[in-house]
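Peer 1: build me a model:
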Amino acid sequence: MENGVDDLSAAELRVLGCLIEKETTTPDAYPLTLNSLRLACNQSTSRDPVVSYSDLDVEKALTSLRSRGLTRTVHSTSNRAAKFKHVADDVFEVSRRELAVLCVLMLRGPQTIGELKTRTERQHSFRSADDVETTLAALAGREQSLVVQLPRQPGQKDARWIHLIGDVESDAPSSADSNTSTKPLESVDPYGEATAEFYDLLATGMWENFGLQLLDLLADVDPSLGPIIDVGCGSGTGLAYLDAAVPGVVVHAIEPSKAMRTALHARLALDAHLRAITTVVPFPFASAPLPPTASAAVVSAALGHLDASERTRLWTYLANQLAPGAPAVIGVLPPYRAEVVPLVKYHAEAVGDYIYEGWQTGEPVDDRTIRWTLIYKVVSSDGATVSEQRVVADWHCDSPDDIAAEIFPYGLALTDHEGCVVIRRR
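Peer 2: Purely as a prediction, here's the structure:
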C-alpha cells in the first residue's frame, strides 16, 4: 500500500477503530482522553475479540499510529489531559461511508454485507445492502485495495469481507499488568493455514505429473507476449516448471492465502532467479489485478475453489486478454461428480524422527460439490500421533466436458489431456 500502513497490529487496529467510531457516535467527548480510549477498546459490545488493554498497551499503539501519521495528539489550555484523534480518512483518502465500513471491519472482524449495513448505522446510514456492496466494491477496486471478499466457507450462507489494513486475527497484547484475555477470531484462512505447513512435503505426487506436462504443453509459449498468469500459485511448487518450460518468462502469481504466501516467499528468498521473475499478487482472483495481456495461464489445482463470478472473470480474461493461440492449462481433478470418498492416506514423508502423513475423505454436498476433509498428521516412529490438523473445504467438481460447455459461449475451446485441459481462443 502506497501509504505504508497495510500492516497494522491488532492493537493498532483496535485503537484506530475506536477513535474513528467515537468521533461519530460520541462527538461531544471526542477527541478522546487516554482513559476514554482504553475504555472504548475494552468495551464488551460491538467488539470481536473482547480485550482488556492496559493504559500502557494503548499508549504503545498510539505511539506507533502517530509515527505512521494516522493519529494526532490534541493539547488544550482548558484541559490538562492530552487527547487523541485520528486522521485515517485523510491518510487512506476515503469518504465517511467508506470509513464507516473500514471501522466496523477493524473492530468486529470479517463481516457480511448485511452485518455491515446494520453495524455501520450509527456512523453512516446506508440506504440498502446494494449501497454497502457498492462501497465495498469501491474500496476493493482501488489501485491498492483496502478490502477483499473472502470465499464462502462451509456452513456460511453469505460471503464475508475483511479489510487489508493489517492483522485480521487476534493478537491482543498480553502483560502481567493488563490481564489480557481474548476470544480468538475464527480463522479467515483455515485451508491455507494448515495446508501450507505440509503442502511441499505431501503434494509432490501431483507435481511430478502435472509439472512434466507443463514442460510439454507450454513449450511453444512466446514470453514476449506477456506474463504467465498462475492462478492459485500456492507455495510456488510449479514456478520452476514454468521457468523451465518457457525460458525468459515472467510470472504473475496469484495467491490469496497468507499462509501459502509465507511458504512462497520463503521459496523466493532462496532462489534469486525465481524472485526476479515472479510477481506475487496477494488477492483472491475476484479482486486480483491482472495484466493487459498474457502469454499463457495455469490453474493447477484451483478451479474448483473459484466461485461463479470468479470463473466468469477467468473465462472472460482468457477470451480477451490471452494472446491468440496461447494456452491456458487447467488442472481437472477427479471425481467429476460429488460422491462419497472413503478415508485414504494419499502420501507419507519421513522428516527426521517423524512421519508426515496426508489423509483425505469426501462427502457430497450436492451433485457438483464435494466437501473434502483433509487431515495432516505428524506421527512418531512408534506410531503415536504427535499432532493432527483437520481442514474442511468445498470443491466444485468439473469434467472436461463440463468445462468445454461452460467456456463455449466465451469463444474458447479445449483439448483434453491426462489430468488437465488446454484452453485456447477459437
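Peer 1: strands of the stretch 201-350 of the chain, start to end?
Peer 2: Per DSSP state E, counting those that start in this stretch, the stretch 201-350 of the chain carries strands over the ranges 228-231, 251-254, 278-281, 296-299, 328-331, 341-351.
Peer 1: each with direction, which strands does the fourth one pair with?
Peer 2: The one in question is strand 296-299. Next to strand 296-299 in the sheet, as set by DSSP bridges, lie strand 228-231 (parallel), strand 328-331 (parallel).
Peer 1: what's the offset of the helix or strand bottoming out on mean pLDDT in the chain from the middle of its chain?
Peer 2: Least confident helix or strand of the chain, by mean pLDDT, DSSP states H and E, is helix 190-202 with a mean of 81. Between the centre of helix 190-202 and the centre of its host chain there is 14 Å, according to Cα atoms, centre = their mean, to the nearest Å.
Peer 1: same deal with stretch 350-359?
Peer 2: 28 Å.
Peer 1: how about residues contacting that stretch?
Peer 2: Here stretch 350-359 makes contact (Cβ atoms under 8 Å, 6 or more residues apart in numbering) with 198, 201-202, 343-349, 374-381, 386. C-betas here are computed from N, CA, C, even on glycine.
Peer 1: tell me which residues in that stretch are buried?
Peer 2: Neighbour-count burial for stretch 350-359, counted by 16 or more other Cβ atoms under 10 Å, picks out 355-359.
Peer 1: sorry, back to before: which of the contacts of stretch 350-359 are buried?
Peer 2: 198, 201-202, 347, 374-379.
Peer 1: follow-up on the earlier one: quick one, which of the strands paired with strand 296-299 is packed in tightest?
Peer 2: strand 228-231 (a mean of 27; mean count of other Cβ atoms under 10 Å).
Peer 1: report the rounded mean pLDDT for it.
Peer 2: On average, the pLDDT along strand 228-231 is 98.
Peer 1: ok, back up a step: CSV please, covering the strands paired with strand 296-299 and showing distance to residue 46.
Peer 2: Formatted as CSV, the strands paired with strand 296-299 follow (distance: least, Cβ to Cβ, whole Å):
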stretch, distance to residue 46
strand 228-231, 37
strand 328-331, 44
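Peer 1: these: which one's closest to residue 294?
Peer 2: For residue 294, the closest of the strands paired with strand 296-299 is strand 228-231, at 4.8 Å, according to Cβ to Cβ.
Peer 1: and the closest one, how far out from the chain middle?
Peer 2: Distance, stretch centre to chain centre, for strand 228-231: 17 Å (Cα atoms, centre = their mean).
Peer 1: how about stretch 383-396?
Peer 2: Distance of stretch 383-396 from its chain centroid, counting by Cα atoms, centre = their mean, is 20 Å.
Peer 1: could you do stretch 55-72 as well?
Peer 2: Centroid separation for stretch 55-72 versus its chain: 27 Å, with Cα atoms, centre = their mean.
Peer 1: identify each buried residue in that stretch, please.
Peer 2: Residues of stretch 55-72 classed as buried under the neighbour-count rule (16+ other Cβ under 10 Å) are 57-62, 64-65, 68, 70-71.
Peer 1: export that stretch as PDB, just CAs?
Peer 2: Extracted in PDB, the C-alpha atoms of stretch 55-72 (Å, rounded to 0.1, in the frame of the first residue of the first chain):
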ATOM      1  CA  ASP A  55      -3.000   2.200  29.600                       C
ATOM      2  CA  LEU A  56       0.500   1.100  28.500                       C
ATOM      3  CA  ASP A  57      -1.000  -1.200  25.800                       C
ATOM      4  CA  VAL A  58      -3.000   1.800  24.400                       C
ATOM      5  CA  GLU A  59      -0.100   4.200  24.700                       C
ATOM      6  CA  LYS A  60       2.200   1.800  22.700                       C
ATOM      7  CA  ALA A  61      -0.400   1.500  20.000                       C
ATOM      8  CA  LEU A  62      -0.900   5.300  19.900                       C
ATOM      9  CA  THR A  63       2.800   5.900  19.600                       C
ATOM     10  CA  SER A  64       3.000   3.600  16.600                       C
ATOM     11  CA  LEU A  65      -0.100   5.100  15.000                       C
ATOM     12  CA  ARG A  66       1.300   8.600  15.400                       C
ATOM     13  CA  SER A  67       4.600   7.600  13.800                       C
ATOM     14  CA  ARG A  68       2.600   6.300  10.800                       C
ATOM     15  CA  GLY A  69       0.700   9.600  10.500                       C
ATOM     16  CA  LEU A  70      -2.700   8.100  11.500                       C
ATOM     17  CA  THR A  71      -3.300   9.900  14.800                       C
ATOM     18  CA  ARG A  72      -2.700  13.300  16.400                       C
END
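Peer 1: now it: average pLDDT?
Peer 2: 93.
Peer 1: I'd like to know how far the closest residue to residue 38 other than its chain neighbours sits from residue 226.
Peer 2: Spatial nearest neighbour of residue 38, chain neighbours left out: residue 58 (4.9 Å); criterion: Cβ to Cβ, 6 or more residues apart in numbering. Distance, residue 58 to residue 226, using Cβ to Cβ, to the nearest Å: 49 Å.
Peer 1: which other helices and strands contact the host helix or strand of residue 105?
Peer 2: Taking DSSP states H and E as the definition, residue 105 sits inside helix 96-108. On a contact count with 3 or more Cβ pairs under 8 Å, 6 or more residues apart in numbering; DSSP states H and E, helix 96-108 meets helix 10-25, helix 88-92, helix 113-119, helix 129-140, strand 147-149, strand 161-163.
Peer 1: what's the burial count for residue 75?
Peer 2: The number of residues packed near residue 75 is 9, by other Cβ atoms under 10 Å.
Peer 1: leaving out chain neighbours, which residue sits closest to it?
Peer 2: Spatial nearest neighbour of residue 75, excluding adjacent residues (Cβ to Cβ, 6+ apart): residue 82 at 5.9 Å.
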